[in-house]
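Enquirer: Sequence and predicted structure, then a few things I'm wondering about:
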Amino acid sequence: MIDINNKKFKLAFFWTLVAMFFMTSSLLILYAFGYTFNPERGIFVHAGSITVKSNPLSIEVILNDANVSKKLNRINSSINIGRVKPGEYILKVEAPDFNTWSKKISVHSGLSTEFWNVLLTRKEYARENHGTEGIDDFFISPRKNLVAGVKTENGRLSITITNTDTNTSETAFTSADHSFTQDPEENIEWAPQSQKIIVPLMSGEEKLYLIADLDSKENIMLDELAGTSDISSVRWDSENKNVVYFITEGNLYRLDIKEPQDKKIIASNIAGYDISGQYIYYFQLPGGLIFRTNLEATSEPLQITTSAPSKMEDPSYKIIVYDEKRIALRNGSGRLFIFNKGEKDSYFKELLADAKGSQFSNDGKKLLFWNNREIYAYFTKDWQTQPYRSENETISITRFSQPLKNVQWSNDYEHVIFSVNGQLKITELDHRDNTNTFDIANFSGSDQKVVSNFSQGRIYFTDNVAEGPRVLQSIQFPEKASLLGF
């Protein structure tokens, strides 16, 4: 029998408790610092973690077929899975009625592997029909739930305005003597507050621009107001609903439609221009330089670029301006150039020889551009969120053998929407492992138009219903996210 009063026993028992205390404390400290025991190697390893932020918010996170879902962080609407042993895993994100997102990922010791832009698409979207039977083209107002539609029936052109909240339409203009322009670079331009529109028309071989006042129902041709013909590249002022800009005979003009007699020349020998913020930027020949002045053209022109694009054989340049540090230029031959005054260096280089279009992201850190078969992204600055990207880096996003159409950013600017072969698709910029590409909708033909309206959270498109006439439809996309995840 053990004598518990024995001095040696008491001493041994004391030191046993001390040893257990230090062992337990060491384990707790290791655990607190993110270490976990690896039974295969018989050692403690510094664990990693996985962070997932998704749309929709209600998801299940599957790691190597094990459900590791955690409670949603209400602050940044993300899920964090901690104490993951370093190694390779198959990560899946699932939700009922949605397509599954998946990647093969690597978890590293002491680091968080982060996925901040996981997007799940529904297996099927409910379509809302906005009527407008026989619509050929449409242009969304940036500030109201209005859509300008183009329709030609029995040789008569009609411009209609549809309220997508009430699905009611009214005719703004109709004519049997005019047709809508076939120039893909021309759009119906909405004025600030969406009270007026500019409609590019053709009368035989002559290009005309109609100004339609949607409130007063008055219509007038711009050439009659301006007292000149051969007008092109008409744009509204970004704030003044009565001021337009246009090019004629190589000169850039500013015109107040309430006081047309005071039209003002801004610059001469102009190949193209763009409006950004409070400034108008223009590409001037023969030097091929870009200048900036204020919208009233009262300030001294400021030279932005110091050299021309490397190839000036086609001077018909269109410029797309984010600000004075980030400008894209594309000529009629499709050569696309980027002027980027970055944080590390300045760049002026050709991106693509056969570009069909380009768009800056809302923060100006990315330029989306594409040709008939491939979509790319150029980064104007370092991207500090996983997956990391570098200033002046170009990545290929996706490539198809069939012609690509309707290429555009999604509202998170980490995904790209496009259509190909009668299917509307979305793909991600995250190239870690595979790129997740999902179908959003199937069309009855391959020539449908698609436009995302970020303010409404909807995608609008044309499609034929039951082999009938083409109509305007829309779907809710992406899923609505509530405040703080509630």
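Expert: Arrived safely. These numbers come from a predicted model, not from an experiment.
Enquirer: can you tell me the distance between the two ends of stretch 224-242?
Expert: This stretch, stretch 224-242, spans 15 Å end to end (CA to CA, to the nearest Å).
Enquirer: Now do K8, the pLDDT please.
Expert: If you check K8, the pLDDT there is 67.
Enquirer: Please give me every residue in contact with V84.
Expert: When contacts are counted by CB atoms under 8 Å, 6 or more residues apart in numbering, V84 touches 47-50, 63, 107. For the C-beta atoms, the positions are set from N, CA and C on the backbone; glycine is no exception.
Enquirer: Closest one to L289 out of those residues, please.
Expert: Comparing the contacts of V84 against L289 with CB to CB places I50 closest, at 49.6 Å.
Enquirer: Now that closest one: closest residue in space, sequence neighbours ignored.
Expert: The shortest distance from I50 to any residue that is not its chain neighbour, by CB to CB, 6 or more residues apart in numbering, is 4.5 Å, and that residue is I81.
Enquirer: I figured the one you found was touching S49, is that so?
Expert: Yes - applying CB atoms under 8 Å, one finds I81 in contact with S49, separated by 6.2 Å.
Enquirer: E224 looks like it's in a strand, true?
Expert: No - with the criterion set as DSSP: H, G, I helix; E, B strand; the rest coil, the secondary structure at E224 is helix rather than a strand.
Enquirer: ok, it - how many residues close by?
Expert: For E224, the count of nearby residues is 12 (other CB atoms under 10 Å).
Enquirer: could I get the contacts of V84 as CSV with distance to E374 and pLDDT?
Expert: Below are these laid out as CSV (distance: CB to CB, whole Å; pLDDT from 0 to 100):
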residue, distance to E374, pLDDT
A47, 40, 88
G48, 34, 93
S49, 35, 95
I50, 31, 96
L63, 33, 97
V107, 32, 96
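Enquirer: Out of those residues, which two sit at the greatest distance?
Expert: A47 and L63 (12.9 Å).
Enquirer: Domain-wise, how is the protein divided?
Expert: According to automatic domain parsing, the chain is divided into the following domains: 1-32, 43-119.
Enquirer: Worst mean pLDDT among those domains?
Expert: Sorting those by mean pLDDT places domain 1-32 lowest, at a mean of 59.
Enquirer: Please tell me how far D136 sits from I459.
Expert: Computed with CB to CB, to the nearest Å, the distance linking D136 and I459 is 19 Å.
Enquirer: neighbour-wise, which of these two wins?
Expert: I459 (25 against 16).
Enquirer: Counting neighbours, what do you get for the residue nearest to I50?
Expert: Neighbours of I81 (other CB under 10 Å): 19.
Enquirer: same thing with the one 10 residues further on?
Expert: Applying other CB under 10 Å, we find 22 other residues in the vicinity of L91.
Enquirer: E60 is in contact with that one, correct?
Expert: No - if you go by CB under 8 Å, L91 and E60 don't touch, sitting 11.6 Å apart.
Enquirer: Show me where this protein dips below the pLDDT cut-off.
Expert: Of all residues in the chain, those with pLDDT under 70 make up the ranges 1-10, 12-46, 482-486.
Enquirer: and the helix or strand where N340 lies, what does it pack onto?
Expert: Remark: N340 resides in strand 336-341, with elements defined by DSSP states H and E. Using 3 or more CB pairs under 8 Å, 6 or more residues apart in numbering; DSSP states H and E as the contact criterion, the neighbours of strand 336-341 among helices and strands are strand 326-330, strand 346-352.
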